[in-house]
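Enquirer: sequence and predicted structure are below.
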Amino acid sequence: MRRSEIGLGRYSAFILAGFVLLLLMPSSGLAQAPAAVAGGGGERVEKGVVILVEFPDVSHRIDRSFVQMRFSRQLNSYIREMSYGMVSLSVDITQKWYRMPNPVGVYRISPRNLEVDRSRVRRLIDDALAAADGEVDFSKYAFTVIFMSTTVTEYGMMGLCGYPGMLGWNSQDALKARSGEPVKGVAIFCYQAHLGTLFHDIAHILGGVQDGRRTVPCLYDHDLQAKPGPVRETAVDAMINMGFWDPMSCHFYKWGVAPPGISSWTRLRLGWIDPAKVKVVKPGQKAEVVLGPLEENSSETLVIKIPLSATTYYLIENRQPIGCDKCLPASGVLILYADDRIAECRQGRAPVKLMNADPSVPHLEGAAFDVGAKGVFRDKQNGIAIQLKDKTGGSYTIVIDPL
């Protein structure tokens, strides 16, 4: 099926077929979530609660054990891999499905971020929090999930982050339950939500807010995502910054497999890379660095950072088909340009963008550099040349020269 053929109805059928694949995917090797808040070996455990929600016209269609598997096993395993074992999840699931006071159509939203009726998002959050308030002490949790019995067709979106997100990310936007307990963040998902979607919206919450900005924003362009057209095609066309190289951009590359690994930029924003594994090369300095795969924490160097100013810099990372990076469009070395002055991806501006090794390949799928014809990147304005000298095993020798 070509992307241009996938309208909203066909995309929903595509999701349903993929959802069946997810149900059939083996779960062996996925770690169980720890029960305690304090993890071993310095591991930080993020506690979350999932509120099971159904509607007068849409009863639940799945078992509670499926929800437990998605969050406590699959999402937990993914986060542990992405954080190099620094972070894991401990997730509680409500014992029952709470029925909302209104049919799902009352809460239904647009699939376009900029067109979402925020009052409907707030109504769903308020009704779900009120329903579970007697069972749940929200102050104990780093994040709250509203997990709905609906399909994406019935609700409008597969997943979203209510706060910090649709309802804003300023301190005055913070949520409280009716009992007065603070709610640190809320994500909302249809039961079909892909693992990459679960991570994407919970990462917004885990990253938190600093100086009135989300630490981990969406990396697709919101204005392009709001354009009319088939949902999936429009979403892909909005991935002008990071393409399929980070689930904060794409959610997933292909439906029936795990999401791709996250980029070094997102890992750094989440605090998931040891600073000792970041090699800083100042402009004008010549350096030769062996850069290991980003997925292998045993690598001496995971990221090369080249500061250009107080707020702008390059990041160089090595993406090899290891772990979740098997789910990428290609492999090789990515060069990212970051600008910390930019908070959100709007109107072509973004806090991080890929330098594209092969613009002839659409959607940044050819963005990776490699030894040979795509082995050199030059920035004449800043006087920097980055050369991939050679590759041994999964590691690259990178030479950084002043121009």
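Expert: Everything's here; your move.

Enquirer: quick one, longest strand in this protein?
Expert: Using DSSP state E to define each element, the chain has its longest strand at strand 87-99.

Enquirer: so which elements touch it?
Expert: With contacts defined as 3 or more Cβ pairs under 8 Å, 6 or more residues apart in numbering; DSSP states H and E, the packing partners of strand 87-99 are strand 44-54, helix 64-68, helix 76-82, helix 118-132. All C-beta spots, glycine's among them, are computed from the backbone N, C-alpha and C.

Enquirer: which one, of these, ends up nearest to I262?
Expert: helix 76-82 (5.3 Å; Cβ to Cβ).

Enquirer: re the thing from before, let's have the helices and strands packed on strand 87-99 in JSON lines, adding mean pLDDT, mean neighbour count and distance to Y337.
Expert: Formatted as JSON lines, the helices and strands packed on strand 87-99 follow (pLDDT from 0 to 100; neighbours: other Cβ atoms under 10 Å; distance: least, Cβ to Cβ, whole Å):
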{"stretch": "strand 44-54", "mean pLDDT": "97", "mean neighbour count": "21", "distance to Y337": "30"}
{"stretch": "helix 64-68", "mean pLDDT": "96", "mean neighbour count": "15", "distance to Y337": "39"}
{"stretch": "helix 76-82", "mean pLDDT": "97", "mean neighbour count": "22", "distance to Y337": "22"}
{"stretch": "helix 118-132", "mean pLDDT": "97", "mean neighbour count": "19", "distance to Y337": "32"}
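
Enquirer: so which of the ones you listed is nearest L206?
Expert: Nearest to L206 among the helices and strands packed on strand 87-99 is strand 44-54; the distance by Cβ to Cβ comes to 6.2 Å.

Enquirer: which strands and helices sit next to the closest one?
Expert: Strand 44-54 makes packing contacts with helix 64-68, strand 87-99, helix 118-132, strand 143-148 when contacts are defined by 3+ Cβ pairs under 8 Å, 6+ apart.

Enquirer: what strands line up against the longest strand of the chain, and which way round?
Expert: Its sheet considered, strand 87-99 pairs with strand 44-54 (parallel) by DSSP bridges.

Enquirer: and the strand it pairs with, C-alpha only, in PDB?
Expert: The C-alpha trace of strand 44-54 is given here as PDB (Å, rounded to 0.1, in the frame of the first residue of the first chain):
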ATOM      1  CA  ARG A  44      16.000   5.300  39.200                       C
ATOM      2  CA  VAL A  45      12.400   3.900  39.200                       C
ATOM      3  CA  GLU A  46       9.700   6.200  37.800                       C
ATOM      4  CA  LYS A  47       6.300   5.200  39.300                       C
ATOM      5  CA  GLY A  48       3.200   5.600  37.100                       C
ATOM      6  CA  VAL A  49      -0.400   4.800  37.300                       C
ATOM      7  CA  VAL A  50      -2.700   3.700  34.500                       C
ATOM      8  CA  ILE A  51      -6.400   4.500  34.800                       C
ATOM      9  CA  LEU A  52      -8.500   2.100  32.700                       C
ATOM     10  CA  VAL A  53     -11.300   4.100  31.000                       C
ATOM     11  CA  GLU A  54     -14.400   3.000  29.000                       C
END
